[in-house]
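Q: Below: sequence and its predicted model.
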Amino acid sequence: MAIMILAIINGLITTIMLETIVMMTQNFSFIKAFKAAIAMSFISLVCMEIAMNLTDYLLTGGATLTWWVVPIMLSVGVLTPLAYNYYILKKYKSTHH
């Protein structure tokens, strides 16, 4: 559980920083980019981490990260937040001018 929480916290920090920088290159103000990054990251990253860890747990019976489960976990992790992130980007893109 501690490893899962640490992964979520580290993921949130790095993702918020990266998303803020990327959106600022797309003419978002810092505040708007930061707000959009937080809106996207908190829900999508937590859902992604839960989905990936749950996949690992269900397929291996624990948090073991065997080689064959990694591609499955990554696929689940990428697909889980796609619709939500698309919605948030559309929402903030339409109001950033």
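A: Right, received. Where do you want to start? Residues are numbered from 1 along each chain as shown.

Q: buried stuff in the helix or strand of the chain with the lowest mean pLDDT?
A: The least trusted helix or strand in the chain, going by mean pLDDT, DSSP states H and E, turns out to be helix 82-94, with a mean of 79. Within helix 82-94, the residues scored as buried using 16 or more other Cβ atoms under 10 Å are 85, 88-89, 92. C-beta here means a position set from N, CA and C on the backbone, and glycine is covered the same way.

Q: Okay, angle between the helix or strand encompassing residue 12 and helix 82-94 too, please.
A: Using DSSP states H and E, residue 12 falls within helix 2-24. Interaxial angle, helix 2-24 versus helix 82-94 (axes from the mean of the first three to the mean of the last three Cα atoms, to 10 degrees): 30 degrees.

Q: Against which helices or strands is the helix or strand just after helix 2-24 packed?
A: On the C-terminal side of helix 2-24, the closest following helix or strand by DSSP H and E is helix 30-60. Other helices and strands packing on helix 30-60, by 3 or more Cβ pairs under 8 Å, 6 or more residues apart in numbering; DSSP states H and E, are helix 2-24, helix 70-79, helix 82-94.
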